[in-house]
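K.L.:
got a predicted structure here, sequence first:
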Amino acid sequence: MEGVLVTGTAHAVLDGECARCLEPISDEIEARFQELFVYVEHQTSHDEDDEVSRLEGDLVDLEPLLRDAVVLALPFQPLCEDDCPGLCTECGARLADDPDHSHEAPIDPRWAGLTALTQDQQDPEATE
């Protein structure tokens, strides 16, 4: 017996926002963990250099183990739906609320000077 083997499962409730549309989301995760806590008398000089979990008397500190397990189980980019379309890059409108949302095609900056000419032709009173 080198130490105490701790195996368990942690359940956590998550509150956050969707990475694409910024809507609030809530979810539950389950994180499994397993760690060997080594007795002080069974430690080697190699164990002191590595990140080896140690027993503190007869006590086991589970906080770092639980924190690491839950953080690793978190989604990298939480989404409200798997196919969330996100926000419009032009105006920031939520695309899930308005799937037909669109904008006029942007004008090529090389031709932008010509738009002033077409506006003058369409509005003859502006030139008078």
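P.N.:
All right, it came through fine. Just so you know, these numbers come straight off a predicted model, no measurement behind them. Numbers count the residues shown, from 1 in each chain.

K.L.:
my guess is residue 9 is in a strand, correct?
P.N.:
Yes - the assignment for residue 9 is a strand, going by DSSP: H, G, I helix; E, B strand; the rest coil.

K.L.:
separation between it and residue 16?
P.N.:
Distance, residue 9 to residue 16, using Cβ to Cβ, to the nearest Å: 22 Å. Every residue, glycine included, has its C-beta placed from N, CA and C.

K.L.:
same deal with residue 87?
P.N.:
To residue 16, residue 87 is 16 Å away according to Cβ to Cβ.

K.L.:
all strands of this structure, in order?
P.N.:
For the chain, the strands defined by DSSP state E cover 3-17, 24-38.

K.L.:
now render the ones you listed as TSV, adding mean pLDDT.
P.N.:
What follows is the strands of the chain, written out as TSV (pLDDT from 0 to 100):
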stretch	mean pLDDT
strand 3-17	92
strand 24-38	92
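
K.L.:
residue 106: which of the ones you listed is closest?
P.N.:
Nearest to residue 106 among the strands of the chain is strand 3-17; the distance by Cβ to Cβ comes to 29.0 Å.

K.L.:
lowest-pLDDT helix or strand in the protein?
P.N.:
helix 45-49 (a mean of 53; mean pLDDT, DSSP states H and E).

K.L.:
what sits closest to the spatially most central residue of the chain if chain neighbours are left out?
P.N.:
Residue closest to the average C-alpha location in the chain (Cα atoms, centre = their mean): residue 77, at 3.0 Å. Nearest residue to residue 77 in three dimensions, chain neighbours excluded: residue 19, at 3.9 Å (Cβ to Cβ, 6 or more residues apart in numbering).
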